[in-house]
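>>> I'd like to go over a predicted model; first the sequence, then the structure.
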Amino acid sequence: MSISAQLVKELREKTGVGMMDCKKALNETKGDVEKAIDYLRKSGQAKADKKANRIAAEGAILIGSDSANKTTVMLEINSETDFVAKDQKFLSFANRVLEALIRSDVDSVEALSELILPGSGSVDEARKQLIAEIGENISIRRFMRYLSSNTLGSYSHMGRIGVIVEIDGGDNQLAKDIAMQVAANNPAYLDASSIPSEALNREEDILTAQAIAEGKPREIVEKMISGRIAKFVGQVTLLGQPFIKDPDISIEKLISKSSAAVVSFTRYELGEGIEKKVDDFVEEVRKQSGIS
């Protein structure tokens with residue numbers, strides 16, 4: 001099959017591997033990008049911890065709480081540029097939307113857009129007015145609401161990463177420490193039991209292929225894989241990770257000291273998964289000058 005340059009570019013951006021190797025991997029996997037990533041990992045050409053998505057969109061992630069109602073909310077609002085994200089008009093709008101969200105019980109972005117902001121009409125009307133004033137698109141992307149009698153902790157890193165954590169037992173400081181942990185290390189799962197069997201099987205398959213490629217005898221590969229899977233679980237689960245403030249203990253041991261348990265957590269990273277157009281200046285000049 002014919003592999004497009006755009007598909008090769010996408011795989012290269014996700015893996016950091018050379019163009020020719022990316023094209024070969026896509027040919028081997030009939031254009032399936034995810035299978036091509038696995039193919040490259042098995043051959044040792046792509047790093048296992050390479051992020052699958054690149055951060056593109058700008059804007060802000062905001063967190064607010066209402067202690068009386070035991071509510072904490074997190075909101076992401078996007079702009080086209082970092083310059084606008086720092087503009088006072090944008091920040092004022094974002095904080096007004098956050099306050100409206102805290103006071104409401106809406107469960108969708110569409111419903112949030114219909115809430116009334118004092119003196120500005122609806123949230124969506126205020127958003128459109130802001131677009132007209134600054135000349136850049138603004139969008140309300142997503143939000144999360146935690147309503148619980150358990151302890152809620154949150155952490156925001158420069159408005160670009162936001163985390164809310166719910167723990168049963170413990171105190172506010174413990175909840176905040178765990179929120180900082182999630183922000184810093186981005187665990188994919190809570191604990192080993194939360195990892196889908198498909199994900200474990202996929203990782204075992206990749207690790208086995210890597211060990212064989214390293215020339216290890218098959219009789220010791222199984223023992224090696226057991227240790228590497230344990231390391232993998234420790235990396236991708238919150239409870240298995242070393243505590244960032246004291247790497248000698250795991251998060252699991254940290255919370256056990258307070259007889260606490262992590263119920264759930266949510267992590268937002270600004271623009272994650274959004275593909276932002278990157279202008280190719282050289283290609284633009286070629287097109288305008290008629291150079292083939």
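Received the coordinates, thanks.

>>> Off-centre distance for stretch 234-253?
Stretch 234-253 sits 19 Å away from the centroid of its parent chain (Cα atoms, centre = their mean, to the nearest Å).

>>> Do a quick rundown of the helices in the stretch 101-250 of the chain.
Secondary structure of the stretch 101-250 of the chain, counting by DSSP state H, counting those that start in this stretch: helices at 109-113, 123-134, 172-185, 197-213, 218-236.

>>> Let me see the contact set for the closest residue to E269 other than its chain neighbours.
Nearest residue to E269, sequence neighbours excluded (Cβ to Cβ, 6 or more residues apart in numbering): I161, at 5.2 Å. Bear in mind the C-beta positions are built from the backbone N, C-alpha and C, glycine included. Neighbouring residues of I161 by Cβ atoms under 8 Å, 6 or more residues apart in numbering: 61, 183, 267-270.

>>> Buried among these? Make that a ChimeraX selection.
If you want just the buried ones from the contacts of I161 in ChimeraX, going by 16 or more other Cβ atoms under 10 Å, the selection is:
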select :61,183,267,268,269,270
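
>>> In helices only, show me the contacts of I161.
A183 (DSSP state H).

>>> and the helices of the stretch 101-250 of the chain, which is most packed in?
Highest mean neighbour count among the helices of the stretch 101-250 of the chain (mean count of other Cβ atoms under 10 Å): helix 172-185, with a mean of 20.

>>> what is the orientation angle of it with helix 218-236?
130 degrees (axes from the mean of the first three to the mean of the last three Cα atoms, to 10 degrees).

>>> CA-only coordinates of helix 172-185 in CSV, if you can.
Provided in CSV are the C-alpha atoms of helix 172-185 (Å, rounded to 0.1, in the frame of the first residue of the first chain):
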residue,chain,number,x,y,z
ASN,A,172,-5.4,18.2,53.2
GLN,A,173,-1.6,18.1,53.1
LEU,A,174,-1.6,14.4,52.1
ALA,A,175,-4.1,15.1,49.4
LYS,A,176,-2.1,18.0,48.1
ASP,A,177,1.1,15.9,48.1
ILE,A,178,-0.6,13.2,46.1
ALA,A,179,-1.9,15.8,43.7
MET,A,180,1.6,17.1,43.2
GLN,A,181,2.8,13.6,42.6
VAL,A,182,0.2,13.1,39.9
ALA,A,183,1.1,16.4,38.3
ALA,A,184,4.8,15.6,38.2
ASN,A,185,4.8,11.9,37.2
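
>>> Which elements pack onto that helix?
strand 151-157, strand 161-168, helix 251-257, strand 261-269 (3 or more Cβ pairs under 8 Å, 6 or more residues apart in numbering; DSSP states H and E).
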